[in-house]
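Trainee: sharing a model that was predicted from the sequence below.
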Amino acid sequence: MLFLKLAPFDYFVLFLHWVVNLKRVKRVRGPMFEPAIIVHGGCGVYPREESLEPFLAGVKDAALQGHALLSRAGSAVDAVEAAVSVLEDNPLFNSGRGSVLNLDGQVEMDAIVIDGQTLGSGAVCGLRRCANPAWYTLRFHFQTRHCLLTGAGAQEFMRSQGIPEVPDSYLVVPRRRLAWEKTVLGDQRSPDTATASELSPGCDTVGAVAMDATGNVAAATSTGGTTAKLPGRVGDSPIIGAGAYADSDVGAVSTTGDGESIMKVCLARRTVELLEQSQTV
Ligand SMILES: NC(=O)C[C@H](N)C(=O)O
């Protein structure tokens, strides 16, 4: 995903300055690229009995807020975090508030943010009691040199950063509780044999990719995972190159779908590779 809107003369100037100092080019010429953002609300089975409107309004709201930030010269990485945080606050989607429940009836969330300029990332898996895992991953990315955090350390980082804990009652919404009850308690079937719509009765994992005015791209993905997953199960979403990937020379990707399948092929990284070779995905 590359958005180039330059006249031939711009290319010429850009090339000359690139050789000298790309940072100076950006300062002297100001914004060079049209900022853009794409947001997704997951691949889950859409509940047919419900109106599509609130779901569409949710992704639109997220895209608008991310784009507003880009328009004020915000960075791509800040824009994807802002957009994903909006969806995390929206109980219709499987991330933050509205996350699905694991086998024990608890919320464990995975999230990632990747900066295409540096290939640097922040990711967390199995995070509990956090309203905005995307914001958490951005903090983690900027505050440490690590890429991925889990377990007690992940919760401790949250405390050390003063990120407020929210109670499970905030994260768990009735739709997800019902889905969990139906899957785990209802007909006593194992999660492996439950149908797709049972596993995903609302909307799903969320993500965003963006390009800012300097041409840098970023990607973010956030999820509660899959209903009745084993406690401690980690999906594709927080894995670099599986749940997301970004490289400002090529493009940015945020994935959604069956994590166990996505991880097998490092889908996000593979997609960027194909983009690099100008192949269709
Ligand atoms: N629907 C999803 O995108 C779920 C997510 N990829 C996971 O497996 O955790």
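Mentor: Now that the structure is in, tell me what you want to look at.
Trainee: the ligand contacts on the chain?
Mentor: Proximity of the chain to the ligand, by Cβ under 6 Å from any ligand atom, involves residues 42-44, 204-205, 223, 225-226, 235-237, 256-259. Where C-beta positions appear, they are placed from N, C-alpha and C, glycine not excepted.
Trainee: of the residues you listed, buried ones?
Mentor: Buried members of those, counted by 16 or more other Cβ atoms under 10 Å: 42, 44, 204-205, 223, 225-226, 235-237, 256, 259.
Trainee: can you give me the pLDDT of the closest residue to Ala246 other than its chain neighbours?
Mentor: Spatial nearest neighbour of Ala246, chain neighbours left out: Gly116 (3.4 Å); criterion: Cβ to Cβ, 6 or more residues apart in numbering. pLDDT for Gly116: 98.
Trainee: and Gly116, its phi and psi?
Mentor: As for Gly116, its main-chain torsions (degrees, to the nearest 10) stand at phi -70, psi -10.
Trainee: who's in contact with it?
Mentor: 76, 216-219, 246-249, 251-252 (Cβ atoms under 8 Å, 6 or more residues apart in numbering).
Trainee: which one of the residues you listed sits closest to the ligand?
Mentor: Nearest to the ligand among the contacts of Gly116, counting by Cβ to the nearest ligand atom, is Ala219 at 13.9 Å.
Trainee: pretty sure Thr280 contacts Leu274?
Mentor: Yes: contact criterion Cβ atoms under 8 Å: Thr280 and Leu274 qualify, at 7.4 Å.
Trainee: higher neighbour count, those two?
Mentor: Leu274 (15 against 5; other Cβ atoms under 10 Å).
Trainee: wait, what's in contact with Asn216?
Mentor: 75-77, 115-117, 248.
Trainee: can you redo these as CSV with secondary structure?
Mentor: Below are the contacts of Asn216 laid out as CSV (DSSP: H, G, I helix; E, B strand; the rest coil):
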residue, secondary structure
Ser75, coil
Ala76, helix
Val77, helix
Asp115, strand
Gly116, coil
Gln117, coil
Ser248, coil
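Trainee: for those residues, which one is nearest Gly98?
Mentor: Val77 (23.8 Å; Cβ to Cβ).
Trainee: just checking, that closest one touches Val113?
Mentor: Yes: assessed by Cβ under 8 Å, Val77 is found in contact with Val113 at 6.3 Å.
Trainee: common neighbours of those two, please.
Mentor: 138, 141, 218, 220.
Trainee: so what's the second one up against?
Mentor: Contact criterion Cβ under 8 Å, 6+ apart gives 77, 113, 115, 120-122 as the residues in contact with His141.
Trainee: nearest to Phe93 among those residues?
Mentor: Taking Cβ to Cβ as the measure, Val113 is the one of the contacts of His141 closest to Phe93, at 16.9 Å.
Trainee: element containing the closest residue to Gly241 other than its chain neighbours?
Mentor: Nearest residue to Gly241, sequence neighbours excluded (Cβ to Cβ, 6+ apart): Arg269, at 3.3 Å. If you go by DSSP states H and E, Arg269 is part of helix 267-276.
Trainee: quick revisit: so which of the shared contacts of Val77 and Val113 is the most crowded?
Mentor: Going by other Cβ under 10 Å, Ala220 tops the shared contacts of Val77 and Val113 with 39 neighbours.
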